[in-house]
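A.B. asks: here is the input, now give the coordinates:
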Amino acid sequence: GAAALVGVVSLYTQKLRRQKAHLEKIVAERTQQLRDASLTDPLTGLLNRAKLEQVIAEAEKSAFPRRRRYDDESAAVVVMVDVDDFKKINDGFGHPRGDEVLKEISRILKSRLRYNDMLFRIGGDEFAVLLRHVDTLDGVRTIVERVLHAVAQPILIEGREAAQVTASVGVALAPEQGREFDRLFQLADLAMYEAKLKGKNRYAFAQGADVSPATPPAVRAT
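C.D. replies: Numbers count the residues shown, from 1 in each chain. Prediction:
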């Protein structure tokens, strides 16, 4: 009797422990899903502004490398991308089609970046990019020009042309223009507006960046 009862209690206790472990796993997975969702843009699936702020906060804890391998190498590059005149897309095609265009632009941007670059959607038609370990300034130009060219191609939705868009881009370099990401994003944002003022469909480096030799005026604000 007593031995049998002890055995039953032991089996029941083991069952409760397994159930508890299973529930804890479910809770942990669900918590992670909610955390990931809070850092992801629901329309495009890209990282969102909250994630960008998290990245900035984490980056502030660690300094940029003091040395560079090459004279023109940047430890990190901050890029701001804004779709030109996107309001015309929403007004002309409607917001549902505008959302489809934004999703396609997001896909295009992601496809033109490297696997270790970080892409964020931080506003309705505004994106931020963090480029790491770019070997040369020519490498920065190559990536940015590739993005501009890709965005400027006719965007097809459901197999037919939906819109023709362009983008304006601002670029800030670290550590040349600072070691604080928050400041670098501000500089890149200002450079992006400079590109818009000078004709759109181009990019501009933040003031103070040594970016000689100059790139073609068709894609760089001068």
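
A.B. asks: pLDDT below threshold where in this protein?
C.D. replies: 1, 6, 23-24, 26-37, 59-75, 208-222 (pLDDT under 70).

A.B. asks: that one: helices as residue ranges?
C.D. replies: Secondary structure of the chain, counting by DSSP state H: helices at 2-38, 49-59, 86-93, 95-112, 137-151, 181-197.

A.B. asks: dump the ones you listed to a markdown table, plus mean neighbour count.
C.D. replies: Just so you know, the C-beta spots here come from the backbone N, C-alpha and C atoms, and that holds for glycine as well. Listed next are those as a markdown table, based on neighbours: other Cβ atoms under 10 Å:
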| stretch | mean neighbour count |
| --- | --- |
| helix 2-38 | 10 |
| helix 49-59 | 15 |
| helix 86-93 | 15 |
| helix 95-112 | 17 |
| helix 137-151 | 19 |
| helix 181-197 | 20 |
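
A.B. asks: I'd guessed Val134 sits against Val140; true?
C.D. replies: Yes. Under the criterion of Cβ atoms under 8 Å, Val134 makes contact with Val140 at 5.3 Å.

A.B. asks: among the helices of the chain, which is nearest Leu130?
C.D. replies: Between Leu130 and the helices of the chain, the shortest separation by Cβ to Cβ is 6.9 Å, and it involves helix 49-59.

A.B. asks: returning to that earlier point: the helices of the chain: which one's closest to Ala206?
C.D. replies: Of all the helices of the chain, helix 181-197 comes closest under Cβ to Cβ, at 3.9 Å.

A.B. asks: and the angle for the closest one with helix 137-151?
C.D. replies: Per axes from the mean of the first three to the mean of the last three Cα atoms, to 10 degrees, the angle that helix 181-197 makes with helix 137-151 is 60 degrees.

A.B. asks: other SSEs contacting helix 181-197?
C.D. replies: Packing partners of helix 181-197 (3 or more Cβ pairs under 8 Å, 6 or more residues apart in numbering; DSSP states H and E): helix 49-59, strand 74-83, strand 167-174, strand 203-205.

A.B. asks: can you check which of these gets nearest to Ala4?
C.D. replies: Once those are compared by Cβ to Cβ, helix 49-59 is nearest, at 55.9 Å.

A.B. asks: what sits up against the closest one?
C.D. replies: 38-40, 118, 120-123, 128, 130, 181-182, 185 (Cβ atoms under 8 Å, 6 or more residues apart in numbering).

A.B. asks: good, we can wrap up now.
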